[in-house]
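Asks: model this:
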Amino acid sequence: MNDGEQGSRRVVPNASPTSSSNVSPTNDATAVRQFNGIVGASTSVITAADIARSPAQTVQEIIAQTPGVQLSSLFGGVNGVGSAVDLRGFGVFATANTLLLINGRRVNDIDNQGVDISTIPRDSIERIEITLGNSGAVLYGDNVIGGVINIVTKTGAGGPPVAMRFEAGAGSFNQRLGSVSTAANAGPWSASFFGNAIQSDGYRVNNALDQRNGIGNVNYSSPDLTAFLTLSGDGQTLGLPGGRLVDPSIGINQLVTNRQGAATPFDYANKQGANATAGFTRTLWNGAELIVDGGVRNKKQQSGFFGAVPIPSFSSSYVDTTLQTWSLTPRLSIKNLVFGVPSTVLTGVDYYDAIYHSNRSEFNGFSPIHVYDLSQQTLAGYWQQTIGLLPTTDFAYGGRIQNTSLTARDRFDPTAPGAFDTQAIPLDSNETQYALHLGFEHRLNEVFSVFGRAARAFRTPTVDERVSSGPAFDAFFNPIPGNFTLKTQTSHDVEGGFRVKAGTFQMQSSIYNMDLVNEIHFDPVNFFNVNLDPTHRYGSDNSASLRVSDTVLLRGGVAYTRAVFREGPFAGNNVPLVSRYTASAGVTWNVWQKYLMVDATVRYWSSRYMDNDQRNTQPLIPADATLDFKLSGEYDRFFWSLSVNNVLNALYYDYAVASTFTDGRFNAYPLPGRSFIVKAGATF
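Replies: Below is the predicted model of the structure:
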């Protein structure tokens, strides 16, 4: 896929795909830059070949091999459903602090569900670009606190007249999957379709998954005009097994006695999504392009929560939510000389209009207790320019101004079954925020370069956070009206590092410091959201790869991540759910041409504090590691693979909630031990 294809790429001009294994960099023929991303930022690229070879079963696990990335999963890890990708240590709020793009367009919604990467067909991905830190906020807007993940999809353009690919597989937990992809080319026109289906009983009781998703493209390309239309849809049903209780004071440890059991054997979450995006790129004059695209996303969700067994909770609830988002994002790309030095400019306007409607009742079919209606409009303008000050030095600066207006209403029915609280106070708000970026890269020679940046970013509260933005009851259990009010979170980053590219060896290393104000956090015991006291994050991300020979590639990385409270009653304490140390290493060995390939990856993370343990007094989530192994091969048009995940059968979990009142008591969400999957397919 070229940068101009689909007309939807929003990267600094000249940003180009490079072969990486989490270290990206090849020299650009014109700018001689070691990496063509946002100048000054720490960026990695995972290619389609990396994804195809990886023994990891989920895209999230592949991304987590990038230093500075951590994972959390509440739902048994089946196909990566609901697994959160955490860039630079935001724990339970990782999805709200990481922006996901598809072909350069933001797909984060204004609710708290985030984007389920598992719904993107794996075979449709051309590459994944990961930019750590908040410098992407100028180009992309809010949510860019920990970083940006841009998934670039294949279009099929430039290929044979007709191409097809089929794959089927089966594995542990009665998992069955199938995928199909097709592409066609005729003159300036091209089209493609990628579809996936997966069913699994899941690792735990009430953990079954049934998911189908697909994405299709139609593209037109001529020397002065390219245009595209993309349609996608997905459907998912998932059982929610809840946590496993551990309480030494009463002799309970369900992680040992019934690890795969369910605390909530009837809870579930279903969702259906449909998306349409269209746009064009028009050459205005030599070096200048007008890019216009827009789209609509529609998401429906139904969830039932019936409490723990053996005694159902009095607070059973059913949630039926719809969210529709319209967007229009015209922009202008200009590449020219300014006072004799090369310059690239990307400037544009973003408009998003989202409408959220949610019925909350005691059970499906009952009268709603609360009906929440929220609408949010954002309008932003931005400018980012990259200047080649010297043949060896690039400088970039940029800014964004964004206005967000919100209307929030709650209709409360005190006569509805299960009603016991009160109506939230209406909110009409209007706020303007800004983002900034300054960055540089200096190449001391063809092998070694240094880079640095400083940036400001912001994150507006999601609608779900606003719905739960205050305590429901006072000390005497009298209901207190919610108010939808939360402050906007802001962050200031600085970062510096170096890159090395010497023959078959590549390396990237950086250190960073991040100060945040009004970080938004959910209290999982009292079920409301708050703005935390000021927090501080700092650390280092390091990655390297070495091609030992034509048949052997080694890769690895290590990260140090600290997230602490700067002020307030927890000053100096660690923010929950952030591992201080993470590391990964891998090898790819082409044993016999492409008839037999061996890939292995090990991933390690250190201990972390549990959710709801800001005091840092409860037990830690233990450190652990997983080893994944894959054998694969190709013969003519046929291909196959055998993957074994968690080879050493580590019985681990990466998410747990600590009790507020009882030391040592917590609920953990265990993940699978050793599992396998066999796949086979053919291309035509």
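Asks: In three-state terms, label Tyr203 for me.
Replies: coil (DSSP: H, G, I helix; E, B strand; the rest coil).
Asks: ok, now which ones touch it?
Replies: Gly76, Gly77, Val78, Phe173, Gln260, Pro670, Leu671, Pro672, Ser675 (C-beta atoms under 8 Å, 6 or more residues apart in numbering). (Each C-beta comes from the backbone N, C-alpha and C, glycine too.)
Asks: hmm, 7 Å instead?
Replies: Gly76, Gly77, Val78, Phe173, Gln260, Pro672 (C-beta atoms under 7 Å, 6 or more residues apart in numbering).
Asks: Would you map the helices across the stretch 401-550 of the chain?
Replies: 463-467 (DSSP state H, counting those that start in this stretch).
Asks: got it, and the chain?
Replies: Under the criterion DSSP state H, helices of the chain are mapped to 48-53, 59-63, 94-97, 137-140, 254-257, 463-467.
Asks: What is the first one packed up against?
Replies: When contacts are defined as 3 or more C-beta pairs under 7 Å, 6 or more residues apart in numbering; DSSP states H and E, helix 48-53 packs onto strand 125-132.
Asks: where's Thr155 relative to Lys679, distance?
Replies: Distance, Thr155 to Lys679, by C-beta to C-beta, to the nearest Å: 24 Å.
Asks: follow-up on the earlier one: export the contacts of Tyr203 as CSV, with columns for distance to Ser54 and pLDDT.
Replies: Formatted as CSV, these follow (distance: C-beta to C-beta, whole Å; pLDDT from 0 to 100):
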residue, distance to Ser54, pLDDT
Gly76, 21, 70
Gly77, 16, 69
Val78, 18, 75
Phe173, 20, 94
Gln260, 26, 95
Pro672, 17, 93
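Asks: Across the sheet, point out what pairs with Ala84.
Replies: In this entry, Ala84 is beta-bridged to Ser72, by DSSP bridges.
Asks: how deep is it tucked in, by neighbour count?
Replies: 24 (other C-beta atoms under 10 Å).
Asks: That one: what's it in contact with?
Replies: Ala84 makes contact with Leu71, Ser72, Ala94, Thr95, Gly114 under the criterion C-beta under 7 Å, 6+ apart.
Asks: just curious, which of those is nearest to Pro391?
Replies: Minimum distance to Pro391 across the contacts of Ala84 is 39.8 Å, recorded for Ala94 (C-beta to C-beta).
Asks: quick one: contacts for the residue nearest to that closest one when sequence neighbours are not counted?
Replies: Setting aside the residues directly before and after it, Ala94 is nearest to Asp86 in space (C-beta to C-beta, 6 or more residues apart in numbering), at 3.5 Å. Neighbour list for Asp86: Val69, Gln70, Leu71, Ser72, Ala94, Gly146 [criterion: C-beta under 7 Å, 6+ apart].
Asks: if you set the cut-off to 8 Å instead, what comes out?
Replies: Applying C-beta under 8 Å, 6+ apart, we find Asp86 in contact with Val69, Gln70, Leu71, Ser72, Ala94, Thr98, Gly146, Leu577, Val578.
Asks: now Leu577
Replies: Ser72, Asp86, Gly91, Val92, Arg608, Tyr609, Met610, Asp611, Ile621, Tyr655.
Asks: okay, these in a markdown table with pLDDT and distance to Trp189 next?
Replies: Shown next, in a markdown table, are these (pLDDT from 0 to 100; distance: C-beta to C-beta, whole Å):
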| residue | pLDDT | distance to Trp189 |
| --- | --- | --- |
| Ser72 | 84 | 43 |
| Asp86 | 91 | 41 |
| Gly91 | 82 | 46 |
| Val92 | 77 | 46 |
| Arg608 | 96 | 51 |
| Tyr609 | 96 | 55 |
| Met610 | 94 | 54 |
| Asp611 | 90 | 50 |
| Ile621 | 97 | 52 |
| Tyr655 | 93 | 47 |
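Asks: between these, which has the most around it?
Replies: When neighbours are counted by other C-beta under 10 Å, Asp86 leads the contacts of Leu577 with 29 neighbours.
Asks: hmm, back to that, may I see the contacts of Tyr203 organised as CSV, with neighbour count added?
Replies: Output for the contacts of Tyr203, formatted as CSV (neighbours: other C-beta atoms under 10 Å):
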residue, neighbour count
Gly76, 29
Gly77, 28
Val78, 29
Phe173, 18
Gln260, 17
Pro672, 24
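Asks: Next step: these restricted to strands.
Replies: Members of the contacts of Tyr203 lying in strands (criterion: DSSP state E): none.
Asks: Could you dump these into a markdown table with distance to Ile250 added?
Replies: Shown next, in a markdown table, are the contacts of Tyr203 (distance: C-beta to C-beta, whole Å):
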| residue | distance to Ile250 |
| --- | --- |
| Gly76 | 26 |
| Gly77 | 29 |
| Val78 | 31 |
| Phe173 | 31 |
| Gln260 | 21 |
| Pro672 | 28 |
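Asks: low pLDDT regions in the stretch 51-200 of the chain?
Replies: Within the stretch 51-200 of the chain, the segments meeting pLDDT under 70 span 77, 112-115.
Asks: so what's Gly279 bridging to?
Replies: Bridge pairing for Gly279 - DSSP bridges - gives Phe228, Asp293.
Asks: I'd like to know how many residues surround it.
Replies: Gly279: 22 neighbours (other C-beta under 10 Å).
Asks: That one touches Thr226, doesn't it?
Replies: No: assessed by C-beta atoms under 8 Å, Gly279 is found out of contact with Thr226, at 9.0 Å.
Asks: Show me the shaky parts of the protein.
Replies: 1-36, 77, 112-115, 308-315, 468-483, 523-527.
Asks: what's the span of stretch 170-189, first residue to last?
Replies: Across stretch 170-189, the terminal residues are separated by 36 Å (C-alpha to C-alpha, to the nearest Å).
Asks: which ones are touching Asn364?
Replies: Counted by C-beta under 8 Å, 6+ apart, Asn364 has contacts Gln302, Gly304, Tyr318, Asp320.
Asks: quick one: which two of these are the most distant?
Replies: Farthest pair in these, by C-beta to C-beta: Gly304 and Asp320, 9.8 Å.
Asks: Now the terminal residues of stretch 467-484, how far apart.
Replies: End-to-end span of stretch 467-484 (C-alpha to C-alpha): 6 Å.
Asks: Oops, could you answer that again for stretch 359-368 instead?
Replies: With C-alpha to C-alpha as the measure, the ends of stretch 359-368 fall 6 Å from one another.
Asks: mind listing what's buried in that stretch?
Replies: Asn359, Arg360, Ser361, Glu362, Pro368 (16 or more other C-beta atoms under 10 Å).
Asks: For Asp142, state which of these is nearest.
Replies: Out of the buried residues of stretch 359-368, the member with the shortest distance to Asp142 (by C-beta to C-beta) is Arg360, at 26.0 Å.
Asks: OK, contacts around the closest residue to that closest one other than its chain neighbours?
Replies: Spatial nearest neighbour of Arg360, excluding adjacent residues (C-beta to C-beta, 6+ apart): His370 at 4.4 Å. Neighbouring residues of His370 by C-beta under 8 Å, 6+ apart: Ser358, Asn359, Arg360, Asp410, Arg411, Phe412, Asp413, Gln423, Ala424.
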